[in-house]
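Enquirer: sequence and predicted structure are below.
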Amino acid sequence: MKTILVPTDFSENAFVAAEYACALADAAGQKVQLLHVYIALYAGYGEEGNSVKQIKWAETESGEAMKDLVGTLTKQFPDVDIEGECVKGFMIEVVMDKLKKGENSLVVMGTKGATNITESILGSTTYEVIKKSPVPVLVVPIDTPDFAFQRVGFFTAYDDDELDALFAFQQAITLRPHLAMVHFFKKDEKAPEKELAHWQRKVAEAYPDWGVSYHAIPVEKANINAVTQIAQTEGLDLLMFARPHKSFFQKIFEPSLTKAIANYPTIPSLFIKT
């Protein structure tokens, strides 16, 4: 059974992401693995006793918080196998080590939040996980409504590498939503009709059983507003992007916008390394 990894700092936004992951796991027949990484901060110079106390305190606090979180989610999703783990270390390092084992098919993360101790670890590491993760990373904003997975928007540059992203999506998530293929081009340029027709044939050949629609949209500037507008117009439940290489981001978007969408998504957004 496939397992969704959900890093959490016990913030409100992380809880929303965990709920989303559990709803997705419930629909797709997967397991959920919650992960909290804590850092015990202390000063040196002979203060070993205090540092040991701080580590034990962090272990106890995180362990109790994880127990409560697993209990709450299990009540909401009784049919989902949910487990939790607390590890001392640094979030990005622990997450990457876990992903190297090949046991997780997907990572689900929140974007911003704060614990009662310090600023959210997730807020500063989500983008790093997206850049380094060998599996798809799904970012969930705090204001995400009830779980829905009917229509997914895939932002494409008509690159062959993006077919690999679709395959990774198929492997990570067994659900089959409608795919809305979205391509932006500049208003002062001609619509890429030949490229679109070529892309349609390739997608149909690779994924003949999927429901797919195609949208070539002229824009003044391909920015987060354009992404948000098409998401609203098409009633999309999820946005999907392939990266890195010469992807949609590098060809159409400014590099900084990749990070902006990752940190401040308007709806759940999936990032796939190709």
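Expert: Now that the structure is in, tell me what you want to look at.
Enquirer: from the middle of its chain, how far away would stretch 75-85 be?
Expert: 19 Å (Cα atoms, centre = their mean, to the nearest Å).
Enquirer: for stretch 85-92, same thing?
Expert: 19 Å.
Enquirer: number of nearby residues for residue 111?
Expert: Per other Cβ atoms under 10 Å, the neighbour tally for residue 111 reads 22. Quick note: C-beta positions are derived from backbone N, CA and C, even for glycine.
Enquirer: distance of it relative to residue 139?
Expert: In this view, residue 111 and residue 139 are 6 Å apart by Cβ to Cβ, to the nearest Å.
Enquirer: helices of the stretch 51-200 of the chain, start to end?
Expert: 91-100, 121-132, 161-172, 193-206 (DSSP state H, counting those that start in this stretch).
Enquirer: redo those as CSV? Include mean pLDDT.
Expert: What follows is the helices of the stretch 51-200 of the chain, written out as CSV (pLDDT from 0 to 100):
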stretch, mean pLDDT
helix 91-100, 93
helix 121-132, 74
helix 161-172, 90
helix 193-206, 92
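Enquirer: residue 107: which of these is closest?
Expert: With Cβ to Cβ as the measure, helix 121-132 is the member of the helices of the stretch 51-200 of the chain nearest residue 107 (6.3 Å).
Enquirer: on that earlier part again, the helices of the stretch 51-200 of the chain: which one's closest to residue 34?
Expert: Closest to residue 34 of the helices of the stretch 51-200 of the chain, according to Cβ to Cβ: helix 91-100, at 11.8 Å.
Enquirer: got the CA coordinates for that closest one in CSV?
Expert: Only the C-alpha atoms of helix 91-100 are listed here, as CSV (Å, rounded to 0.1, in the frame of the first residue of the first chain):
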residue,chain,number,x,y,z
MET,A,91,13.4,18.9,8.8
ILE,A,92,14.8,19.0,5.3
GLU,A,93,17.5,16.4,6.2
VAL,A,94,15.1,14.0,7.9
VAL,A,95,12.5,14.3,5.1
MET,A,96,15.1,13.6,2.4
ASP,A,97,16.5,10.6,4.3
LYS,A,98,13.0,9.1,4.5
LEU,A,99,12.2,9.7,0.9
LYS,A,100,15.5,7.9,-0.1
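Enquirer: for it, name the packing helices and strands.
Expert: strand 3-7, strand 31-38, strand 104-110, helix 121-132 (3 or more Cβ pairs under 8 Å, 6 or more residues apart in numbering; DSSP states H and E).
Enquirer: rewinding a little: quickly list what's touching both of residue 111 and residue 139.
Expert: 126, 262, 265 (Cβ atoms under 8 Å, 6 or more residues apart in numbering).
Enquirer: compare those and tell me which is most surrounded.
Expert: residue 126 (27 neighbours).
Enquirer: not counting sequence-adjacent ones, nearest residue to that one?
Expert: residue 109 (5.1 Å; Cβ to Cβ, 6 or more residues apart in numbering).
Enquirer: please apply the same query to residue 3.
Expert: residue 31 (4.5 Å).
Enquirer: contacting residues for the one you found?
Expert: Counting by Cβ under 8 Å, 6+ apart, residue 31 makes contact with 1, 2, 3, 4, 25, 80, 81, 82, 83.
Enquirer: mind doing that once more with 10 Å?
Expert: 1-5, 22, 25, 80-83, 103-105 (Cβ atoms under 10 Å, 6 or more residues apart in numbering).
Enquirer: any idea which helix or strand in this protein has the lowest mean pLDDT?
Expert: helix 248-252 (a mean of 52; mean pLDDT, DSSP states H and E).
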